[in-house]
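*Asks:* What follows is a predicted structure for the sequence shown.
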Amino acid sequence: MDGPLRVLIIDDSEDDTLLLLRALDKDGLEPEWQRVDCAESMLQAMSGDKWQVAISDCRMPGFSVEEALSLWRNIGDDLPFIVVSGAIGEEDAVALLKAGAHDFIRKENLTRLVPAILRQLRETEVRRGRRRAEKILRESEEKYRLLFSAESDAIIILDAGTCGVVEANRAAADLYGYSTEEFSRLNSRDITAEQERSKACIDEIFDGGISRVPLINHKKKDGTIFPTEISAGTFMWKNQRMFVLIIRDITERKRRENELKNALSELEMIKKRLEAENVYLKEEIQLNRNFSDIIGQSKVFKKVLNKIEQVAVTDTTVLILGETGTGKELLARAIHTLSPRKDRPLVKVNCAALPANLIESELFGHEKGSFTGALARKVGRFELADKGTIFLDEIGDLPLELQAKLLRVLQEGEFERVGGTSTIKVDIRTIAATNRDLENAMAEGQFREDLYYRLNVFPIKSPPLRERPEDIPGMVKFFILKHGPKLGKKIETIPKNVMDSLKAYHWPGNVRELENIIERSLIHSQGDQLTLGDYFRQPVRTPGKKTIRTLAEQEREAILEALEATTWRVSGKGGAAEILGLKPTTLEARMKKLGIKRKGT
């Protein structure tokens, strides 16, 4: 090539052009920017037969890259037209290539620009050589032979009747790994890896004259399969019809296309993960709970808070034990809030609330088509919690068959999605909670011993409300402030007898039951004084000698009282679960454990 390579930069922005000018600051290149924002300015920029390459921005507000490409092609189809973009999708890129663009480069990868220009210039020469070959074949057999032997692309001439090789140039023999003499004895079947499709293509060439096969796999002498692009035509020679095939190895191009697809697929997966994470965070925000919700000044509860402060700054696994409604989730949130992972999500999983057939998918995610109804890939809770904290609530209710998989995640930090084969590694801090006696569950074969010891690294017991009655006044005031404005009530006085009744009650439903009682009392109260209402059960504490009952006996009595009061209706508004401050599923589990059944059933 004589003189410097003249490169036209098409853009409407001087700022973006500076990046390209720096990237093209190479010996042998002479880039020049032309401000283009309409067809007229594009024609003016192209005036004079001096440009050898055009580089165009993909996003120009007043003038599209498609219009620029159309005008550029008037100069000549052979001159390279390269598109540069900062955010081009796969579909847009393919559409531009189909429209005639020769290549596209991302702005963050401008180091590829100069090699792409040089490659396209070489390919331009190849395209020009191909057209010269076809022209010479039509005009003169002698001229055809001169070009045939010198052409860098593989050229093969086949007998249209037998598909045997009549002649091939050195490039063809080298491409397939044969000597020229060996190649002359081959048949088209010896070099194609797709016999049926190859036959169909030959029939099409025979019927339609010149044709193009964009992708068909061929094979080399050593058995290597590689993708090719074929331009084909027919001609008569010595009264026999011949096929001429110009074959190009497109292995490198397909590799680049696959890399692009994989990169876009990875970006799409990251996008979906972020969307799922954002949805989860929005759900968490709607819970309207944070560290300030923890209320407690009693000695027993201060010990709990002290343990939280000690363990929060570490990555140690924490097991929170306690009855239903004692605020185990609030303690887990407090640990996360005080930890170095506080800027990442706290992902909650209620192991008792999920159907058994969905728990594995919810925890580990699933691949598209892994089971009926799996219409798309789903990111699981463990993947969402990467670099953050996962809170496994009601861990004692996790099915036995999933406990081994959970143990593997806790030990090795890796898992596979349902239906997937790729191992996913995560960095998470685990907090688990349960109201069950896990040691008894181990003895009964319902909970794995190795999982228990993996979880029970730093146990924290959340005390029941009856063991810290001095915290009840603060909680009552908090719940009045929380629910009063929503109910249109302004309570200024809490009678001593009301507070004494609340402090004396045994609270089988703990803090959750207290909150429900206060909300119902607010509805019942008519003035600025809190009234409990006649439906509030009398305290079990009585002066003088009393019989001490087990917790199970007290719990059974409380559940039976609630069931009798609701005619054995467990769930719904005014049901026994609501009265006790429990979830319906939790109440049903306790009834089953305590052997509570309605007479006659």
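*Replies:* Arrived safely.

*Asks:* Quick check: next helix or strand after the lowest-mean-pLDDT helix or strand in the chain?
*Replies:* The helix or strand of the chain with the poorest confidence is helix 141-150; it has a mean of 57 (mean pLDDT, DSSP states H and E). Note on helix 141-150: by DSSP states H and E, the next helix or strand toward the C-terminus is strand 154-159.

*Asks:* tell me how far that next one is from the chain's mean position?
*Replies:* 49 Å (CA atoms, centre = their mean, to the nearest Å).

*Asks:* What of stretch 509-518?
*Replies:* With CA atoms, centre = their mean, you get 39 Å for stretch 509-518.

*Asks:* Would you agree residue 525 is in contact with residue 531?
*Replies:* Yes. Contact criterion CB atoms under 8 Å: residue 525 and residue 531 qualify, at 4.5 Å. Heads up, the C-betas are built off the backbone N, CA and C, glycines and all.

*Asks:* which SS state does residue 427 fall under?
*Replies:* What DSSP: H, G, I helix; E, B strand; the rest coil gives for residue 427 is coil.

*Asks:* count of residues packed around it?
*Replies:* Residue 427 has 12 neighbours, counted by other CB atoms under 10 Å.

*Asks:* In contact with it, which residues?
*Replies:* Contacts for residue 427 (CB atoms under 8 Å, 6 or more residues apart in numbering) come out as 386, 387, 413.

*Asks:* same thing with residue 93?
*Replies:* Residue 93 sits next to 104, 260 when contact means CB under 8 Å, 6+ apart.

*Asks:* What separation do you get for residue 509 and residue 22?
*Replies:* Separation of residue 509 from residue 22 (CB to CB, to the nearest Å) stands at 70 Å.

*Asks:* Neighbour count: the two, which is higher?
*Replies:* A direct count of neighbours by other CB under 10 Å for residue 509 and residue 22 places residue 509 higher, at 27 against 10.

*Asks:* correct me, but the more buried one touches residue 578?
*Replies:* No. Using CB under 8 Å as the test, residue 509 is too far from residue 578 to be in contact (9.9 Å).

*Asks:* Are there residues contacting both of the two? Which ones?
*Replies:* Common neighbours of residue 509 and residue 578 (CB under 8 Å, 6+ apart) are residue 516.

*Asks:* The stretch 451-600 of the chain: strands as residue ranges?
*Replies:* Using DSSP state E, counting those that start in this stretch, the strands of the stretch 451-600 of the chain run over 458-461.

*Asks:* which residue ranges form the helices in it?
*Replies:* 472-487, 496-504, 510-524, 551-565, 576-580, 584-594 (DSSP state H, counting those that start in this stretch).

*Asks:* Quick check: which of those helices is buried the most?
*Replies:* Highest mean neighbour count among the helices of the stretch 451-600 of the chain (mean count of other CB atoms under 10 Å): helix 576-580, with a mean of 24.

*Asks:* okay, the host helix or strand of residue 450 in PDB with CA atoms only?
*Replies:* Taking DSSP H and E as the definition, one finds residue 450 inside helix 449-455. Taking Å, rounded to 0.1, in the frame of the first residue of the first chain, the C-alpha atoms of helix 449-455 are listed here in PDB:
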ATOM      1  CA  GLU A 449     -26.300 -34.600  63.900                       C
ATOM      2  CA  ASP A 450     -23.500 -33.300  61.600                       C
ATOM      3  CA  LEU A 451     -25.700 -30.400  60.500                       C
ATOM      4  CA  TYR A 452     -26.600 -29.600  64.100                       C
ATOM      5  CA  TYR A 453     -23.000 -29.300  65.100                       C
ATOM      6  CA  ARG A 454     -22.200 -27.200  62.000                       C
ATOM      7  CA  LEU A 455     -25.000 -24.800  62.900                       C
END
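
*Asks:* any idea of the mean pLDDT in that helix?
*Replies:* In this model, helix 449-455 carries a mean pLDDT of 92.

*Asks:* Specify the beta-bridge partners of residue 234.
*Replies:* Beta bridges link residue 234 to residue 243 when assigned by DSSP bridges.

*Asks:* is it true that it touches residue 158?
*Replies:* No. At 9.9 Å, residue 234 and residue 158 do not qualify as touching, with contact defined as CB under 8 Å.

*Asks:* between those two, who's got more neighbours?
*Replies:* Neighbour count, other CB under 10 Å: between residue 234 and residue 158, residue 158 has more, with 24 against 17.
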